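K.L.:
Need the 3D shape of this:
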Amino acid sequence: QSSGSRLSHVVEQLLDMSRLESGTLVAKQEWVSLEEVLGLLLGRLETQLFKRTIKIEGISELPLIRADFSLTADVIRNVLLNAHQYSKEEGLIEIIGSQSESYIQLEIRDEGTGVSEDFQNKLFDRFSREQPSVPGGLGLGLSICQGFMDAMQGSIEAHNRNDGISGFSVTLHFPKEEAS
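P.N.:
Have a look, this model is predicted:
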């Protein structure tokens, strides 16, 4: 990533945080296909994710969600780039769609080292990065993701994987609504 694009990304994150804190961020409520968002993102991120194996499950069976397309794409992009940045070079990134009675869920799992138990409660704090950390970033990404999900009446949770594989898991919850 060039220094110009890194600087642009930092400025975007600072502006996003400013909009969240000032209450000026307004999420559109439109019907969004998670399959379409993922297709778009995976195409755009192809050069960054090229050494990773991407496994997708259950996405095509998901109903449309009521959300803001752009904010949804920003959240998923951030989580995918984190999975790329913090996992082993030729590792697996899994994207799993599911639904419960109340929510449409999108889980993104990597095979990285995860985070320490002490850091778990700081994951969504602004400017929070576990040390030592990979270079780049300000520690704003997950905080911004949480703000975007809140603006769309959704939620985000993150934790170390609990399926016996080393790594990290982020789950996005979107409220389930019936399309009219």
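K.L.:
What ranges in the protein fall below the confidence cut-off?
P.N.:
For the chain, residues meeting the criterion pLDDT under 70 lie at 1-6, 9, 131-138, 179-180.
K.L.:
Nearest residue to the middle of it?
P.N.:
Most central in the chain under C-alpha atoms, centre = their mean is residue 79, positioned 2.8 Å from the mean C-alpha point.
K.L.:
Please look at that one and residue 145 and confirm they touch.
P.N.:
Yes: in this structure residue 79 lies within contact range of residue 145 using C-beta atoms under 8 Å: 6.7 Å. Where C-beta positions appear, they are placed from N, C-alpha and C, glycine not excepted.
K.L.:
Could you grab the helix/strand/coil label for residue 19?
P.N.:
With DSSP: H, G, I helix; E, B strand; the rest coil as the basis, the three-state label of residue 19 is helix.
K.L.:
I figured it hits residue 25, correct?
P.N.:
Yes: in terms of C-beta under 8 Å, residue 19 counts as a neighbour of residue 25; the distance is 4.2 Å.
K.L.:
overlap in contacts of those two?
P.N.:
In the contact map built from C-beta atoms under 8 Å, 6 or more residues apart in numbering, no residue is linked to both residue 19 and residue 25.
K.L.:
Not counting its neighbours along the chain, what's nearest residue 95?
P.N.:
Spatial nearest neighbour of residue 95, excluding adjacent residues (C-beta to C-beta, 6 or more residues apart in numbering): residue 56 at 4.8 Å.
K.L.:
How much space separates the one you found from residue 74?
P.N.:
Distance, residue 56 to residue 74, using C-beta to C-beta, to the nearest Å: 19 Å.
K.L.:
which of these two has more neighbours?
P.N.:
Using other C-beta atoms under 10 Å, the more surrounded residue of residue 56 and residue 74 is residue 74, with 19 against 15.
K.L.:
where's that one, which helix or strand?
P.N.:
Secondary-structure assignment from DSSP states H and E places residue 74 in helix 69-85.
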